[in-house]
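Peer 1: build me a model:
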Amino acid sequence: MLICEGYMDVIAMHQAGFTNAVASLGTAFTAQHAALLSRYTKQVVLTYDSDEAGTKAALRAIPILKEVGMSIKVLNMKPYKDPDEFIKNLGAEEFKKRIAEAKNSFMFEIEVIRRQYDLEDPEQKTAFYNQTAMKLTEFSEALERDNYIEAVAREYFINYQDLRRLVNQMGSRLVGERPRTEYQERGKKKEKEDGIRRSLRLLLTWLIEEPRLFDKIKGIVGPEDFGDGVYGEAARMVFEAHGQGRVEPAAILNHFINDEEQYKEVAALFNASLRESLGNEEQRKAFAETVRRVKKYSLDAQSRNAKNIEELQRIIREQAELSNLHISLD
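Peer 2: Numbering: from 1, shown residues only. Sure thing, here's the model as predicted:
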């Protein structure tokens, strides 16, 4: 499967006969999108733009795709910027040849590192070797790591034994650091989940306190965007009650009476006092940002459950548009 950045590129490739192409929109590519693509293929070729932005997008996508077990190659687009320009100037046959010649993703990453150094300078040459050795420690399986050490040594005229020794030294140095890193990652995940819950709770409280806000988020956020947990259930009841003309706290709370923890969480939505919270520009911006966070949470969840490429493309498009979302409280 071919993965490009934009709509014009994917259209150009389809018109040229490469119908197994999708557009990732570069920076919007997520682990959920990679998981969906992995249902259809285990091999992808990145056809991102050849400029700096395209290179960065490819470097972001590679580890995400590797995480779901993908085999990744990167197509060389030069001297043109993107697939659209390439096909218009050199044609579909030449593009097909470039696909066959696409570079292994790890070797592409090493090539990008190489561009940062002047190998005529001994100090920079040593720095390149060190960074390359550090990169090679990412392979946990000894045979695979050794194969890549051999490939890098051959590509950049480095003595194989010297590079292997350097990689082993780097690996030994990292052994004691990894458990702490894993612990930190778990902490970050919990912090992110707590942040999402705070955003869901805050937005619901704002809506309960100020019914006029329902009109401000209409077409942007709905009850389905609050997920399947307690806040999702409460949101559906709050939105429905608002549609009927009045939100009755007692009626909604009664629904959660048999679960003490849920009852406390929902009761807090009605007991919070936020009447002064949208009275200045800073808080207005906070409201808009909260709406964006809730919508992003919803789109991320949708992408994990997307059933086909068309639905995934729609979600990616909405994610890309989210940063430009404007919410006016005037």
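Peer 1: looks like Ala251 contacts Ala241 (just checking).
Peer 2: Yes - taking contacts as C-beta atoms under 8 Å, Ala251 lies within contact range of Ala241: 7.3 Å. Any C-beta I mention is one placed from the backbone N, CA and C, and that applies to glycine too.
Peer 1: more neighbours, the two?
Peer 2: Ranked by neighbour count (other C-beta atoms under 10 Å), Ala251 and Ala241 place Ala241 first, with 16 against 11.
Peer 1: check contacts around that one.
Peer 2: Val247, Glu248, Ala251, Ile252 (C-beta atoms under 8 Å, 6 or more residues apart in numbering).
Peer 1: quickly note the distance from it to Asp259.
Peer 2: Note on Ala241: its distance to Asp259, by C-beta to C-beta, to the nearest Å, is 20 Å.
Peer 1: and Ser199, by the same measure?
Peer 2: Distance, Ser199 to Asp259, by C-beta to C-beta: 22 Å.
Peer 1: ditto for Leu2
Peer 2: Going from Leu2 to Asp259 by C-beta to C-beta gives 49 Å.
Peer 1: neighbour count winner among the two?
Peer 2: The neighbour count for Leu2 versus Asp259, taken as other C-beta under 10 Å, is higher for Leu2 (22 against 12).
Peer 1: so for that one, what's the pLDDT?
Peer 2: Listed pLDDT for Leu2 reads 89.
Peer 1: list the contacts for the closest residue to it other than its chain neighbours?
Peer 2: Ranked by C-beta to C-beta, 6 or more residues apart in numbering and with sequence neighbours excluded, the top spatial neighbour of Leu2 is Ala21, at 4.0 Å. Taking C-beta under 8 Å, 6+ apart as the criterion, Ala21 is in contact with Met1, Leu2, Ile3, Cys4, Asp9, Val10, Met13, His14, Thr47.
Peer 1: among the residues you listed, name the buried ones.
Peer 2: For the contacts of Ala21, a burial check counting by 16 or more other C-beta atoms under 10 Å picks out Met1, Leu2, Ile3, Cys4, Asp9, Val10, Met13, Thr47.
Peer 1: my read: the third one touches Ser24, true?
Peer 2: Yes - taking contact to mean C-beta under 8 Å, the distance of 5.2 Å between Ile3 and Ser24 places them in contact.
Peer 1: list the residues that contact both of those two?
Peer 2: Common contacts of Ile3 and Ser24, defined by C-beta under 8 Å, 6+ apart, comprise Ala61.
Peer 1: work out for me the element the residue lying farthest from the centre of the chain sits within.
Peer 2: The C-alpha centroid of the chain is most remote from Ala250, which lies 40.3 Å away (C-alpha atoms, centre = their mean). Using DSSP states H and E, Ala250 maps to helix 249-254.
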